[in-house]
Every structure is written in structure tokens, then in C-alpha cells.
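Visitor: Fold the stuff below for me.
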Amino acid sequence: MFEKLEIFRMAQAMAVHAGARQSLVAQNMANADTPGYAARDIKPFQTLYEGNEASYAPRATRAGHLFGDMGGRAFDPIVDVNTVADPNGNSVSLETEMLKAVDVKRQHDRALAIYKSSLGVLRSALGRR
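Guide: Numbers count the residues shown, from 1 in each chain. This next block holds a predicted model:
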């Protein structure tokens, strides 16, 4: 009955998005000195969530899994075009990536706060503490 509440799905999707973005930020930082490496990011959560809620549904990861077809990943990395490349072709700015990491942590904390708050409301409605 309560397993399909949209607020819980949204909080989970936000946390998954934050994890995927944190992974890209870490890859960018790890490749800060790699010649020719272009900084990557993913679309903001709001854009992905409003545009295609189906991307947060279970999806096939291999042939025959979940009776589905191997579709694209929910979070396709995009090259950050707002960065300026160094002479060696690398466009990673550690300062920018650190700011992105802080933003990702805030997004993840927000997802957890939404989940905890919603769980508290649900428990109150059921008469439990």
C-alpha cells in the first residue's frame, strides 16, 4: 500500500542522481592532469525527473533481465562546455569540481532529509513514533 508513494520514489531518485553525479565529479578530479580529458557532468536532477520519470524505474542491465531491452543509462554524461581547456587539452578545474562536490553533498543530504521527514509523517499517521 505505501510502497508506491511518490515522495519516497522522488527522494530515492534524488539520492541515486547525487551518487551518479558524485562519481563523475570524482572521475573529473582524478583526471585533472590527464592530457585531452574533458570535464563531464550530468543534467540537473529536476530536468531528468520532470522530463522522464521512467528513467528511475527498474531497467534491464543485461539481456533477458527484467524482461527488458538493454536501454541507455539514466545518467548519460555530457561534456561541460562552459570550461576552458588548458594548453594540454584538459578542461578540469579542481576548484569547480570541489564546488560541484559540495553541491552534490547538499543534494544527497536533501534527499535523506525528505525521506526521513516523509517517514516521520507516515509513522505519525499510523500512530507510531
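Visitor: can you count the residues close to residue 113?
Guide: 11 (other C-beta atoms under 10 Å). (Each C-beta comes from the backbone N, C-alpha and C, glycine too.)
Visitor: Please give me every residue in contact with it.
Guide: By C-beta atoms under 8 Å, 6 or more residues apart in numbering, residue 113 lies in contact with nothing.
Visitor: Contact partners for residue 43?
Guide: Residue 43 neighbours (C-beta under 8 Å, 6+ apart): 75, 78.
Visitor: To clarify, my last question referred to residue 35.
Guide: 88-90.
Visitor: now the closest residue in space to residue 36 that isn't next to it in sequence: how far from residue 40?
Guide: Closest residue to residue 36 apart from its sequence neighbours, by C-beta to C-beta, 6 or more residues apart in numbering: residue 89 at 4.1 Å. Residue 89 sits 14 Å away from residue 40, taking C-beta to C-beta, to the nearest Å as the criterion.
Visitor: The two: which is more packed in?
Guide: The residue with more neighbours, out of residue 89 and residue 40, is residue 40; 17 against 11, by other C-beta under 10 Å.
Visitor: Report pLDDT for that one.
Guide: pLDDT for residue 40: 91.
Visitor: Before I go, just wanted to say thanks for your time.
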